[in-house]
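**Student:** Show me the folded form of this:
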Amino acid sequence: MSAIRLFAASLVLMLVAACSGADLADPDVRFSLEMIPQHRQTVQLAEMAQGRAFNDWIKSTAFAMKTQGRADVQMMENWLSMWEVAAPPAGARPIGPGNVTDAEFVKLRDLTGAAFDRTWFALMSRHLEASMVTARVVVAVGDHSPTADLARRLVRDQEEMVAEIGRQLA
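**Tutor:** Reported below is the predicted structural model:
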């Protein structure tokens, strides 16, 4: 992600939280503000598999990722609403290293079959690793037990998924 896009994404998140009474430093609020765009990107990657993926594991996993990702976003949006914090806008991109860039999405969109599968595996693995960093932080320092429960589930599920990606590539 370019420095300008990263700055813009950070600014959007700060403005969203500034318009509320929430403390931007609260790790539970930060988790939801950061993880919602992260999950939306996961759903976007999963949606791209439809009609492009050759690998059966990608096809079945992508469906589950879309369903679970959307449910998780709704849950985090509900928490933000409870905390009187506006959710990140629909176009907000995840911040930080490891997330999929616009150029990578364009490249992936043009691929099908085995080439799509290899690229998807690499992007999804990197994307999930970035997500686990955010989740581990909130487990360590957050106060909201439902957020910690979600974060622990994400780490567990994503560790399993990254391991399975490794097996699929072997």
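
**Student:** Run the chain-centre distance for stretch 94-112.
**Tutor:** For stretch 94-112, the separation from the chain centroid amounts to 13 Å (computed by CA atoms, centre = their mean, to the nearest Å).

**Student:** gap between the two ends of that stretch?
**Tutor:** 25 Å (CA to CA, to the nearest Å).

**Student:** Please identify the buried residues of that stretch?
**Tutor:** Within stretch 94-112, the residues scored as buried using 16 or more other CB atoms under 10 Å are 94-95, 98-100, 104, 108, 111. From N, CA and C alone the C-beta is placed, and that goes for glycine too.

**Student:** So for this protein, the centremost residue is which one?
**Tutor:** Gln38 (2.3 Å; CA atoms, centre = their mean).

**Student:** Would you agree Ser131 is in contact with Asp157?
**Tutor:** No: with contacts counted by CB atoms under 8 Å, Ser131 stays clear of Asp157, the gap being 10.1 Å.

**Student:** before we move on, the earlier item: among the buried residues of stretch 94-112, name the least confidently predicted one.
**Tutor:** Within those, the minimum per-residue pLDDT falls on Ile95 (81).

**Student:** wait, doesn't it sit right on Leu33?
**Tutor:** No: taking CB under 8 Å as the definition, Ile95 is not a contact partner of Leu33, at 9.6 Å.

**Student:** Tell me where the protein has helices.
**Tutor:** Using DSSP state H, the helices of the chain run over 3-18, 27-49, 56-82, 102-109, 113-141, 145-169.

**Student:** Got the confidence number for the closest residue to Asn55 other than its chain neighbours?
**Tutor:** The shortest distance from Asn55 to any non-neighbouring residue, by CB to CB, 6 or more residues apart in numbering, is to Asp117 (4.5 Å). In the prediction, the pLDDT value recorded for Asp117 is 97.
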